[in-house]
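**Q** Give me a 3D structure for the following:
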Amino acid sequence: MMMTTELNFRSTAIKRMPGGTDFWVFVIAESLLFGSFFVTYICYRSGSVELYNLSQQALNRGMGAFNTAVLIVSSWSVVQALEAVRKGRVKVAPRYLSLSIVLALVFLTVKICEYQDKFHHGITLATNKFFMFYFVLTMIHMAHVIIGTVVLIVLRQRLVQGEYDRDNMNVLEMAASYWHLVDLLWIFLFPLLYLLR
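**A** Residues are numbered from 1 along each chain as shown. I've put the predicted structure just below:
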């Protein structure tokens, strides 16, 4: 009896894992890639702390904090969309995804405004190593946000068309996992670039 219960638990756990092996290899590879970027940034920073601290003052912490809140709320909204589908409230789910999409566009708009401000003041990738890291890391992250936003738009449309329900959620769960990864990466980027002294 105990063996049967254990097997049932394991099979349930496996069924609940969104995506296949390829998806999780991708997620782990992305995490390791960004992890290596973060370690490289910290190593370079430790050799030029004064330069990095001085350069950091040109960043707008308020905008960075605002964008952090925006992505956290967008992740919450994606979770709410999944919960709505799980509970059979499929018609409510697109509203939550719409909120996530709008918040993603807000994030991108704020980031573009930050870039414009830097360029206006003559700050580019070539200014110094801090700004090289700032632009490269945030632009790579921004590309991930754009990809995630396109995915959310497509999924929202398919939800409206009735392609997903509580028995067919694998793609929705994979997209949500990717979006949470994008959010988590920014949660690391924000303190590294804007706050670390």
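
**Q** From here on, just use CA atoms for contacts and neighbour counts.
**A** Noted.

**Q** tell me how far stretch 68-88 is from the chain's mean position?
**A** Centroid separation between stretch 68-88 and its chain, computed with Cα atoms, centre = their mean, to the nearest Å, is 13 Å.

**Q** ditto for stretch 169-182
**A** For stretch 169-182, the distance between its averaged C-alpha position and the chain's averaged C-alpha position is 10 Å (Cα atoms, centre = their mean).

**Q** got a list of contacts for that stretch?
**A** For stretch 169-182, the surrounding residues in contact (Cα atoms under 8 Å, 6 or more residues apart in numbering) are 18-19, 23, 27, 75, 78-79, 82, 85, 141, 144-145, 148, 151-152, 155.

**Q** If we only consider those residues, which is nearest to Glu114?
**A** Nearest to Glu114 among the contacts of stretch 169-182: His141, at 14.3 Å, using Cα to Cα.

**Q** I'd say Lys87 and Ala93 touch.
**A** No: taking Cα atoms under 8 Å as the contact criterion, Lys87 and Ala93 are not neighbours in contact, 10.2 Å apart.

**Q** Who has more neighbours out of those two?
**A** Between Lys87 and Ala93, counted using other Cα atoms under 10 Å, Ala93 has the larger neighbour count: 23 against 10.

**Q** Quick check: the more buried one vs Val171, distance?
**A** Counting by Cα to Cα, to the nearest Å, the separation of Ala93 from Val171 is 14 Å.
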